[in-house]
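Trainee: Compute the structure for the input listed below.
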Amino acid sequence: MKSPSAGVLRLALLLSLVLASSALLRSQSADTVLLNGKILTVDSQFSVRQALAIREGRIAAVGSNAEIKKLQGPKSQVIDLQGRTVIPGLIDNHMHAVRAALTFSTEVNWIGASSLADGLARIHEAAEKAKPGTWLIVVTPPATLDTFKEKRRPTQAELVAAAPNNPVYVQLAYGSAIMTPLAFQTLNIKTDSDLPASTKLDKDANGNLTGGITGNMIALFDRLPKPTFDEEVEGTKEFFRELNRLGLTGVVDPGGNNLVPEDYQALFKVWRDGQMTIRMAYSASALAPDTEFQDFKNYLTLLPMGLGDNMLHFNGLGEKITWAMQGITGQATPEELQKYYDIVRWAAQRGLTVTMHWDSDKNVEQLLTTWERVNKEFPLANLRWTIAHINDASPATFQRMKALGVGWTMQDEMYNSGDEAVKRRGANVASRMPPANTAKKIGIHISLGTDAHRVSTYNPFTVLQWALDGKTASGAPVRGPEEAPSREDALRYYTMGSAWVSFDEGKRGSLETGKLADLAVLSQDYMTEPVERIGQDVSLLTMVGGKIVYAAGPYAHLEQKLQRQSANERLSSANLP
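Mentor: Numbering: from 1, shown residues only. As a prediction, this is how the structure comes out:
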């Protein structure tokens, strides 16, 4: 006769196995599943899938609805894509995002304005909310005016009408500005002698002042009120959310003019507080002329390459290494070249990456020769050094870059200034700028971005449309079909290409199993919509690490739910003893 206790033990064992199996199943269930979509994975085959599963911030699987539904558990968040296109989160290869973010909450933004009337309406709306006497500041690329149907900047009278009780300042890139009388009065500017050097007051044909100022605007802009630290923090969060709205989940910031270590503190606070919604790799630029090398040694001693985490990390030197070599149009002196060499050799010796602003192929010999000299001692191939811009690079230049393992960060300068390039260099030369397909054939690492936000739009869809149609902001067709990338290549450059620049191609840039779940659900189908409509695309749902950071339209309720949860968590924390 069997012991009754044996049956009880078998039942208990069976029950424990069932419970363990259920627990294992729950642990393998996805946190979020996206079904019924067109998912552009941007893997090596540019595969298109129907569904995707996310677990613990990473992609658990991509496949068919049937395959992904197997990973769906009782607590999984299910998002019905309803046929919409999903892309990897876009990564801008060269955006001055730190600088842009500092003033984003205190400036009036004209990016995306449909007309001058729209821009003036934005100033008027800001004036309605602001106290009398508060500065209203617009800094926008000149190409913004090219997109306006009016094709011009505002007059002083129009600015006064929009904001009669506020000083108004509108700057175009770094070359000109227009101000209202109240702004001139507030800054105590009456004649050219009251302006910074290299700037002057504009006059009409009769010698009357127009309100305009031309010249280098950097020193004049520095006279304007600066945001408080709290405003810089708020601006950083607002700017990142604006980028999320456009499907961006990452930025490579190359440093640049007018940035000092103190300017990074708002970014660092947002990072420490766990409020980053954009992954950023940032570079350190030279602080002052004559002391560049010593400054780098002083403030980078405790800043090793790659220091940080998946949301923020240090990415070497750029884009200004020495002041003399920044944007140089001619030939540097032997002394300047030696100074530059000493710094980049030091960077290579310490495993630091370098990104270099360079404008023209005609004088790039001096840069490449210097880098080749460094390469003999410290190979550059694994350091991800890059050259930015250089829209007219020759095949010979690309061959030398290829031999060094140097990448090319391509931006939309020709969208902004292609009309001028045609006048200056001729339609035939301009038609091959930038030479994207030549670079691809040679095997250069190519990435795509904007150089935003003072000289270019930060909208990646504007750039993707330009990459395909080669038209300037004014609508003029400049680049020919020979150098036009395919839709697949353009998207790859904006995702995997830019991930390579920050050593992240193994973590993000494509929607593959194991990678960070950074993605955007688009308002239109990038692969099939007319090219002229791509610039109108936005993200309806953006996720960073599987977390919703922006949602609109049919997915707006998901963000509202997330905000309620966050508010409840903050309330619970506040009530803890």
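
Trainee: Just give me the neighbour total for Asp263.
Mentor: Neighbour count for Asp263, taken as other CB atoms under 10 Å: 14. Where you see a C-beta, it was placed from the backbone N, CA and C, and this is true even at glycine.

Trainee: Is it correct that it is in contact with Thr103?
Mentor: No: using CB atoms under 8 Å, Asp263 makes no contact with Thr103, being 10.6 Å away.

Trainee: what residues do the two have in common as contacts?
Mentor: Counting by CB atoms under 8 Å, 6 or more residues apart in numbering, Asp263 and Thr103 have no contacts in common.

Trainee: Now stretch 454-472: buried residues?
Mentor: Buried residues in stretch 454-472, counting neighbours by 16 or more other CB atoms under 10 Å, are found at 454-472.

Trainee: Helices of the stretch 101-250 of the chain, residue ranges please.
Mentor: With helices called from DSSP state H, counting those that start in this stretch, the stretch 101-250 of the chain shows them at 116-129, 143-147, 156-162, 181-187, 218-221, 229-245.

Trainee: Quick one: those as TSV, columns for mean pLDDT and mean neighbour count too.
Mentor: Output for the helices of the stretch 101-250 of the chain, formatted as TSV (pLDDT from 0 to 100; neighbours: other CB atoms under 10 Å):
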stretch	mean pLDDT	mean neighbour count
helix 116-129	97	16
helix 143-147	94	21
helix 156-162	97	18
helix 181-187	97	17
helix 218-221	93	17
helix 229-245	98	20
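
Trainee: and Ala396, which of these is closest to it?
Mentor: For these, the distance to Ala396 is smallest for helix 143-147, at 30.6 Å, taking CB to CB.

Trainee: Distance from the closest one to the middle of the chain?
Mentor: How far helix 143-147 lies from its chain's middle: 20 Å, per CA atoms, centre = their mean, to the nearest Å.

Trainee: now swap in stretch 118-134 and tell me
Mentor: Mean-position distance between stretch 118-134 and its chain equals 27 Å (CA atoms, centre = their mean).

Trainee: before we move on, what about stretch 413-430?
Mentor: 24 Å.

Trainee: what does stretch 497-507 give?
Mentor: Chain-centre distance of stretch 497-507: 14 Å, with CA atoms, centre = their mean.

Trainee: Quick check: buried residues in that stretch?
Mentor: Gly497, Ser498, Ala499, Trp500, Val501, Ser502, Phe503, Asp504, Glu505, Lys507.

Trainee: Format those as a markdown table; extra columns: distance to Pro142 and secondary structure.
Mentor: Output for those, formatted as a markdown table (distance: CB to CB, whole Å; DSSP: H, G, I helix; E, B strand; the rest coil):
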| residue | distance to Pro142 | secondary structure |
| --- | --- | --- |
| Gly497 | 27 | helix |
| Ser498 | 25 | helix |
| Ala499 | 31 | helix |
| Trp500 | 31 | helix |
| Val501 | 27 | helix |
| Ser502 | 29 | coil |
| Phe503 | 34 | coil |
| Asp504 | 33 | coil |
| Glu505 | 34 | coil |
| Lys507 | 37 | coil |
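
Trainee: And those residues, which is closest to Gly119?
Mentor: Closest to Gly119, out of all of those and judged by CB to CB, is Ser498, at 29.8 Å.

Trainee: any residues touching stretch 465-472, and which ones?
Mentor: 143, 146, 412, 414-419, 431, 436, 448, 477-480, 483-485, 487, 490, 493, 531-532, 534-535.

Trainee: next one: stretch 261-279
Mentor: Contacts for stretch 261-279 (CB under 8 Å, 6+ apart): 91, 97-99, 101-102, 229, 232-233, 235-237, 240-241, 243-244, 248-251, 280, 282, 299, 310-312, 504, 508, 518, 544, 549-550.

Trainee: picking that back up, and the contacts of stretch 465-472, which are buried?
Mentor: Of these, these count as buried by 16+ other CB under 10 Å: 143, 146, 412, 414-419, 431, 436, 448, 478-479, 483-485, 487, 490, 493, 534-535.

Trainee: mind listing the strands in the stretch 301-450 of the chain by residue range?
Mentor: For the stretch 301-450 of the chain, strands defined by DSSP state E, counting those that start in this stretch occupy the ranges 312-317, 355-358, 386-389, 407-411, 446-449.

Trainee: So which elements touch the longest one?
Mentor: When you say that, I think you mean strand 312-317. Applying 3 or more CB pairs under 8 Å, 6 or more residues apart in numbering; DSSP states H and E, one finds that strand 312-317 contacts helix 265-272, strand 279-284, helix 334-349.
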